[in-house]
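Asker: Got a sequence here, can you build the structure:
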Amino acid sequence: MTAIDSAAVAAITAPHLLYAFIWFMPDLWRKLFPKPIRAFQLSASILKVLQALAFFEWYSVKSREEGLKLDLLKVPIGQWGAFFLLVFLGQVLNIAVYRLLGEKGVYYGSKLGKKVAWQKGFPFNIISHPQYVGAVLTIAGPLALVWGQAPRGTVTLMGYWAALYVITAIQEQFL
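Answerer: Predicted coordinates:
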């Protein structure tokens, strides 16, 4: 594994380590931050930006190493359709979760001492862990777009990224 591979894996993993830390040690998080939900939101947002930047840097470096140049004009219409559909569905789920749960619900308010009502409406009435399913669909969208023009390791790295959401969902469901 190269340095750029390690950096990308670390950046992609970081938000999930934050989620696990807060999930398993909410009292410590509350002691560290007087506004724990706001601190979680800010920390998660920063880590998400770093995650995306690290992935794009990895993709750029690997593409240059392999002499690849993404030509969006050569992407078949079906791949464009898959891209837009996956990202659209992913974001519909994410937005619906945020609208239903609000900041307190999305950022583990129930673990951080806030009352969060249990929700059964859309999208929770059609799928378990809709926010994480939405994230995975959103990750799959760009993968569909670059399919056939991406450097080696792209599917593996994005699969790892998706697997982290599965692990986080299992952690929240059973632990």
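Asker: Other residues contacting stretch 94-105?
Answerer: 37, 41, 106, 109, 114, 116, 119, 121-124, 130-131, 134-135, 138 (CB atoms under 8 Å, 6 or more residues apart in numbering). In short, each C-beta sits where N, CA and C put it, glycine included.
Asker: How about that stretch, which residues are buried there?
Answerer: Across stretch 94-105, burial judged by 16 or more other CB atoms under 10 Å covers Asn94, Ala96, Val97, Leu100, Leu101, Gly105.
Asker: Grab the two from the residues you listed that are most spread out in space.
Answerer: Asn94 and Gly105 (12.8 Å; CB to CB).
Asker: related to what we said a few turns ago, closest to Thr154 out of the buried residues of stretch 94-105?
Answerer: Checking those one by one against Thr154 (CB to CB), the nearest turns out to be Asn94, at 22.6 Å.
Asker: So for the helix or strand that contains Ile37, what gets flagged as buried?
Answerer: Assigned by DSSP states H and E, Ile37 falls within helix 36-65. Along helix 36-65, these residues count as buried under the neighbour rule (16+ other CB under 10 Å): 36-37, 39-40, 43-44, 47, 51, 54-55, 58-59, 61-63.
Asker: Off-centre distance for it?
Answerer: 10 Å (CA atoms, centre = their mean, to the nearest Å).
Asker: So Gln171: helix, strand or coil?
Answerer: At Gln171 the chain is in helix, as set by DSSP: H, G, I helix; E, B strand; the rest coil.
Asker: distance of it from Ile22?
Answerer: 11 Å (CB to CB, to the nearest Å).
Asker: higher neighbour count, the two?
Answerer: Ranked by neighbour count (other CB atoms under 10 Å), Gln171 and Ile22 place Ile22 first, with 22 against 14.
Asker: quick one, what contacts the more buried one?
Answerer: Counted by CB under 8 Å, 6+ apart, Ile22 has contacts Trp29, Phe40, Tyr108, Lys111, Leu112.
Asker: Repeat that for Met158.
Answerer: Met158 touches Ile139, Ala140, Pro142, Leu143, counting by CB under 8 Å, 6+ apart.
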